[in-house]
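J.: Got a sequence here, can you build the structure:
(chains A and B)
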Amino acid sequence: MTASALTQLALRHIGKRFASGVAALDDVNLAICQGDFLSLLGPSGCGKSTALRIIAGLSAPTSGQLDWQGGEIQRGDIGFVFQEPTLLPWASVHDNVWMPLRLRGVSRQEAAGEIADALERVHLTGFEKAVPRELSGGMKMRVSIARALVTRPKMLLMDEPFAALDEITRFRLNADLLDLWRDRGFTAIFVTHSVFESVFLSNRIAVMAARPGRIFREMTVDAPYPRDDMYRTSPHYAEICREVSATLGAAMGEDMSVGVQ
Amino acid sequence: MASNDLAVAAEKPAAERGMDAEEQARLRARQRERIGRWLMPLLIMGAALILWDRICVWNEIPPYILPRPWLVLTTLWADAAILLPALLVTLKITFLSLLLAVTGGVGLAVLFAQSRWVEMSLFPFAIILQVTPIVAIFPLINIYVDNQTAKLLLCAWIVAFFPILSNTTLGLNSVDRNLLDYFKLNGASRWQTLWHLRLPASMPYFLGGLKIAGGLALIGAVVAEFVAGAAGQESGLASRIIEAGYRLKIPRLFAALLLISLTGILIFITLSAISHLILRRWHESAIERER
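T.: Model (predicted):
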């Protein structure tokens, strides 16, 4: 976060308690700046997905509030990518990507350019007529990303989108996601439990701790963009990973400062 | 010689070239299976018919007890003028009641999907309608409803609509939670969510219910007529069966029975084909597995 960056969204004292009595989040404070690539990193059960759902408006906080700077957000301002591709299995790739526009009354003709552009961005041109089951896991996730981008959202929320993919596919999608983020200029909030993924992608990392879910420490990744495979193998990357890993270890109440793996 | 081999190779379909022996054996096995799927039931059916015929001959069974298969077929031809109009009546009741069952079942299911309260309040009534034997309700319907066609329709509808209602309700409620969230996130209205998400997602369930309901509508139409009794020229196959029984025209009874069976099979095949056409690209049940 640079000093001049505009705050887009501020989470103030956000708490979430489920009906079962489980405190999913407790007093979460976080400022998200325009153009940030922020990762929420933490062990399972630390409330990272809950935080993302609250930001998306899919779940209401029990206490605290969300402050959107520059007015209330409109529908289509937020893109969401789930852990599973979450596509309509009966609809073609084209129709899946069209759906968010269609729900806003945009016709097939009007949407054509935007859909073609979104599909080209995720390297799926030529697959418009395929249905999801004909695609690989990585391609399905690309469709899911194209669908999230087609409304040109100001903020893209991603809930461990690549967790189920193999490493080669994940690396490629990481790189493509960074390209998209730089080109389109949206704010990205990325939930992950992978230290390496968060350090590769983000400029900021919020390390979270569990029981109750809270932000343990905010960290900055000062490596410049564009980042590529060279960065992935650089000593600097390894150094930051070690640091973040140690912080995560501390958040989990363990000493993991010795040995990243 | 060599050029001959080449010509043979070129004639083969592209998929077959460059295959190893194992793959070719698998392909042959699949072709055998495809033919066998039709051939085996036909062979068994033929054997059963021959056995039936022989039993009649060996035991000298008179045709008014058990007619030989060929006599059933010739009777079907000879009595076509009586049986075909009756078939049309039965078909009319069957399809109208199936149509009503689809409309009513899907309509109610959509209503149920809109509100848990509506579902909780009304579902027990649907179950009561389903579990009470139609033959037991019929005397009441007979008193309350005057029109013969309406009577039969009501009966067949009561029998056929429940599988559609219960399956479609299940389908409408079996939508992926994340997809529902996704629609919510995009500000989809209730109607949009129903049209673009819930209805397509419930399609496999609905079609499963439709296959059951198709058979039940025919059963309902026949049973209703049995209980209602014949009514002039508006009588269907069931009346013809009763009449043939009374007059000991057993070959005609068998011919009518054959027509009902064929109708049932045709309904099942048609509904299965519709189901396959709709689901073949995306639903696990309709996708042929690569082996």
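J.: for chain A, where's the lowest mean pLDDT among helices and strands?
T.: helix A:229-232 (a mean of 88; mean pLDDT, DSSP states H and E).
J.: helices and strands around it, which ones?
T.: Applying 3 or more Cβ pairs under 8 Å, 6 or more residues apart in numbering or on different chains; DSSP states H and E, one finds that helix A:229-232 contacts helix A:167-184. Where C-beta positions appear, they are placed from N, C-alpha and C, glycine not excepted.
J.: Pull out the buried positions in the helix it packs on.
T.: A:Thr169, A:Arg170, A:Phe171, A:Leu173, A:Asn174, A:Ala175, A:Leu177, A:Leu178, A:Leu180, A:Trp181 (16 or more other Cβ atoms under 10 Å in any protein chain shown).
J.: Show me the contact partners of it.
T.: Helix A:167-184 has contacts (Cβ atoms under 8 Å, 6 or more residues apart in numbering or on different chains) with A:37, A:121-123, A:136-138, A:141-142, A:145, A:149, A:152, A:156, A:161-162, A:165, A:188, A:197, A:200-201, A:225-229, A:232.
J.: still on that earlier bit, what does the least confident helix or strand of chain A rub up against?
T.: A:Phe171, A:Ala175, A:Phe200, A:Ala223, A:Tyr237.
J.: CA-only coordinates of the helix or strand that it is followed by in PDB, if you can.
T.: Per DSSP states H and E, the first helix or strand lying C-terminal to helix A:229-232 is helix A:235-251. C-alpha atoms of helix A:235-251 as PDB (Å, rounded to 0.1, in the frame of the first residue of the first chain):
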ATOM      1  CA  PRO A 235      16.200 -15.200  -3.400                       C
ATOM      2  CA  HIS A 236      14.000 -12.200  -2.600                       C
ATOM      3  CA  TYR A 237      10.900 -14.300  -3.100                       C
ATOM      4  CA  ALA A 238      12.300 -17.100  -0.900                       C
ATOM      5  CA  GLU A 239      13.100 -14.500   1.800                       C
ATOM      6  CA  ILE A 240       9.600 -13.100   1.800                       C
ATOM      7  CA  CYS A 241       8.100 -16.600   1.800                       C
ATOM      8  CA  ARG A 242      10.200 -17.400   4.800                       C
ATOM      9  CA  GLU A 243       9.000 -14.300   6.600                       C
ATOM     10  CA  VAL A 244       5.300 -14.800   5.800                       C
ATOM     11  CA  SER A 245       5.600 -18.500   6.700                       C
ATOM     12  CA  ALA A 246       7.000 -17.600  10.100                       C
ATOM     13  CA  THR A 247       4.200 -15.100  10.700                       C
ATOM     14  CA  LEU A 248       1.700 -17.700   9.700                       C
ATOM     15  CA  GLY A 249       3.300 -20.100  12.100                       C
ATOM     16  CA  ALA A 250       3.100 -17.600  14.900                       C
ATOM     17  CA  ALA A 251      -0.500 -17.000  14.000                       C
END
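J.: Now do the SS call for the residue of the stretch 51-200 of chain B found nearest chain A.
T.: Using Cβ to the nearest Cβ, B:Gly187 is the residue of the stretch 51-200 of chain B that sits closest to chain A, at 3.5 Å. With DSSP: H, G, I helix; E, B strand; the rest coil as the basis, B:Gly187 sits in coil.
J.: Neighbours of it, how many?
T.: Using other Cβ atoms under 10 Å in any protein chain shown, B:Gly187 is surrounded by 14 other residues.
J.: A:His123 now?
T.: So A:His123, with other Cβ under 10 Å, has 13 neighbours.
J.: Kindly report the same for A:Ala23.
T.: A:Ala23 has 15 nearby residues by other Cβ under 10 Å.
J.: which one is it nearest to, not counting chain neighbours?
T.: Closest residue in space to A:Ala23, ignoring its immediate chain neighbours: A:Pro212 at 3.8 Å, by Cβ to Cβ, 6 or more residues apart in numbering or on different chains.
J.: After the lowest-mean-pLDDT helix or strand in chain B, which helix or strand is next?
T.: Counting by mean pLDDT, DSSP H and E, chain B has its least confident helix or strand at helix B:2-11, which shows a mean of 46. Where DSSP H and E defines the elements, the next helix or strand beyond helix B:2-11 is helix B:21-58.
J.: chain center to that next one: distance?
T.: 23 Å (Cα atoms, centre = their mean, to the nearest Å).
J.: Buried residues of it, list them for me.
T.: Buried residues in helix B:21-58, defined by neighbour count with 16+ other Cβ under 10 Å: B:Cys56.
J.: Tell me where the model's unsure across the stretch 151-291 of chain B.
T.: The stretch 151-291 of chain B contains residues with pLDDT under 70 at B:230-233, B:288-291.
J.: Kindly report the residues of it close to chain A.
T.: B:176, B:178-179, B:181-188, B:192, B:196-197, B:200-201, B:203, B:281-283, B:287 (Cβ under 8 Å from any Cβ of the partner chain).
J.: Restricted to helices, list the residues you listed.
T.: Counted as lying in helices by DSSP state H, out of those, are B:Asn178, B:Leu179, B:Asp181, B:Tyr182, B:Phe183, B:Lys184, B:Leu185, B:Gln192, B:Pro200, B:Ala201, B:Met203.
J.: Could you list which residues are in contact with the second one?
T.: Residues near B:Leu179 by Cβ under 8 Å, 6+ apart: A:Thr86, A:Leu88, B:Leu197, B:Ala201.
J.: where's the second one, which helix or strand?
T.: Just to be clear, that refers to A:Leu88. A:Leu88 belongs to no helix or strand, assigned by DSSP H and E.
J.: Counting neighbours, what do you get for it?
T.: With other Cβ under 10 Å as criterion, A:Leu88 counts 20.
J.: And the last one, by the same measure?
T.: In terms of burial, B:Ala201 registers 21 neighbours under the definition other Cβ under 10 Å.
J.: For it, which non-adjacent residue is closest in space?
T.: Using Cβ to Cβ, 6+ apart, the nearest residue to B:Ala201 is B:Val175, at 4.7 Å.
J.: how close does A:Asp229 get to chain B?
T.: 32 Å (Cβ to the nearest Cβ, to the nearest Å).
J.: Return the set of buried residues in stretch B:248-255.
T.: Those would be B:Lys249, B:Ile250, B:Pro251, B:Arg252, B:Leu253, B:Phe254, B:Ala255, for stretch B:248-255 by 16+ other Cβ under 10 Å.
J.: Return the subset of those residues lying in helices.
T.: Those of the buried residues of stretch B:248-255 mapping onto helices are B:Ile250, B:Pro251, B:Arg252, B:Leu253, B:Phe254, B:Ala255, per DSSP H.
J.: Return the residues in contact with A:Ser194.
T.: Contact analysis of A:Ser194 by Cβ under 8 Å, 6+ apart lists A:Leu41, A:Ala163.
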